[in-house]
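K.L.:
Model the following, please.
(one chain, ligands or ions: 1)
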Amino acid sequence: MTNLVLFGPPGAGKGTQASILKEKYQLVHISTGDVFRYNIKNETELGLSAKSYMDKGQLVPDQVTIDMLKAEVEANEDVKGFIFDGFPRTRAQAEALGEFLASKGEEVDAMIALEVEDEVLVQRLLERGKTSGRPDDADESVIRKRIKVYYEETAILKEYYKKDDKYYGVDGVGSVQEITQRLSEVIDKLI
Ligand SMILES: Nc1ncnc2c1ncn2[C@@H]1O[C@H](COP(=O)(O)OP(=O)(O)O)[C@@H](O)[C@H]1O
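P.N.:
Model prediction:
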């Protein structure tokens, strides 16, 4: 299997690129944000517990997120691999993912990060907020909070994957097509 972590701050373009790459490489795309939003829309227990955190720009607690992720992976048997988008976001999540994949004789092959500077992110998210209907995109203070949480809790994962030589940084500014091309250059060397 090929298991990729698509990484980067909120608004970096992970979702856009993941939807293209999953077709191109026949991988299953799991976006934790999308799964949470689906559960909120359907008013499930998981959705109810995630919503209060998401609306404030905070992370949903690790155990809730890890259990959900495992269930999503288990629901897909006999696949070529996964693109994890929005997961892991903390060290505990990265460790849990590593152990979980190892229990299946698998591993994370690469973390590929989309690099975009903060002010560009804020502008992109505010723009997305005009049409996405996402409450966490509509409010600039929530957007800035998410970026802050990214630097405080998530950015350290760069070092976590770097020590195993699994980290790849890609410039996330350019046309959608150009960025797909940059990501593909990394992926083509892995598979
Ligand atoms: N791995 C995770 N751990 C904890 N919370 C998460 C995780 N993934 C998503 N969330 C919650 O869902 C929100 C939206 O996630 P996502 O759609 O990936 O947003 P973004 O555009 O900020 O990358 C996050 O701000 C967070 O509250």
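
K.L.:
Over to the closest residue to the ligand within the chain. Which of the three states is it?
P.N.:
In the chain, the residue that lies nearest the ligand is Gly33 (2.0 Å; CB to the nearest ligand atom). Any C-beta I mention is one placed from the backbone N, CA and C, and that applies to glycine too. When classified by DSSP: H, G, I helix; E, B strand; the rest coil, Gly33 comes out as helix.

K.L.:
Could you find the closest non-adjacent residue to it?
P.N.:
Among residues not flanking Gly33 along the chain, Gly86 sits closest, at 4.7 Å (CB to CB, 6 or more residues apart in numbering).

K.L.:
for the one you found, phi and psi?
P.N.:
Torsion angles at Gly86 (phi, psi; degrees, to the nearest 10) stand at phi 90, psi 10.

K.L.:
wait, doesn't it sit right on Lys14?
P.N.:
Yes - under the criterion of CB atoms under 8 Å, Gly86 makes contact with Lys14 at 6.8 Å.

K.L.:
so what's the residue positioned nearest the centre of the chain up against?
P.N.:
In the chain, the centroid-proximal residue (CA atoms, centre = their mean) is Gly86; its distance is 1.9 Å. By CB atoms under 8 Å, 6 or more residues apart in numbering, the contact set of Gly86 is 14, 31-34.

K.L.:
Out of those, grab the one that's most surrounded.
P.N.:
Neighbour tally across the contacts of Gly86 (other CB atoms under 10 Å): the maximum, 25 neighbours, falls on Lys14.

K.L.:
Model confidence score at that one, please.
P.N.:
pLDDT recorded at Lys14 is 98.

K.L.:
With Thr44 instead?
P.N.:
97.

K.L.:
Counting neighbours, what do you get for it?
P.N.:
Under the criterion other CB under 10 Å, the count of neighbours that Thr44 has is 13.

K.L.:
How about Gly133?
P.N.:
10.

K.L.:
Kindly confirm my reading that Glu178 forms part of a helix.
P.N.:
Yes - Glu178 sits within a helix when classified using three-state DSSP.

K.L.:
Residue numbers of this structure in contact with the ligand?
P.N.:
Contact residues (CB under 6 Å from any ligand atom) of the chain with the ligand: 10-11, 32-33, 36, 53-54, 57-60, 65, 86-87, 89, 93, 136, 146.
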